[in-house]
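Undergrad: The amino acid sequence is not available; the structure is as follows:
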């Protein structure tokens, strides 16, 4: 699962993260293999300071972090 955080505010992001919790509660039997938040432009202080334990945070333009996320997904599919 990837959430792309672009021009929206942090309240929007938090609501999307709550949606992920609701999806799990609506009868999903398997957990997500991996969850990530891609932090895009524009750069604002809320985004620069953002941390969470609920997902991998990938800050653009650092594509290598996206590769690590893809590796998680591929490893989960093999399990």
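TA: Everything's here; your move. Only a predicted model underlies this, so the values are computations on that prediction, with no experimental measurement involved.

Undergrad: just the strands in the protein please.
TA: Remark: strands assigned in the chain by DSSP state E are 2-5, 36-39, 56-59.

Undergrad: Need the contact partners of the second one.
TA: Put plainly, it is strand 36-39. Contact with strand 36-39 is made by 1-5, 13, 17, 47, 50, 52, 55-60, 66, 69, as judged by C-beta atoms under 8 Å, 6 or more residues apart in numbering. The way it works is simple: take the backbone N, C-alpha and C, and place the C-beta from them, glycine included.

Undergrad: Then the last one?
TA: The set of residues that contact strand 56-59 without belonging to it, under C-beta under 8 Å, 6+ apart, is 34-39, 47, 50-51, 65-66, 68-69, 72.

Undergrad: Can you tell me which of these lies closest to residue 25?
TA: Within those, the smallest distance to residue 25 is 15.2 Å, found for residue 35 (C-beta to C-beta).

Undergrad: Contacts only, for the closest one.
TA: 1, 2, 3, 20, 54, 55, 56.
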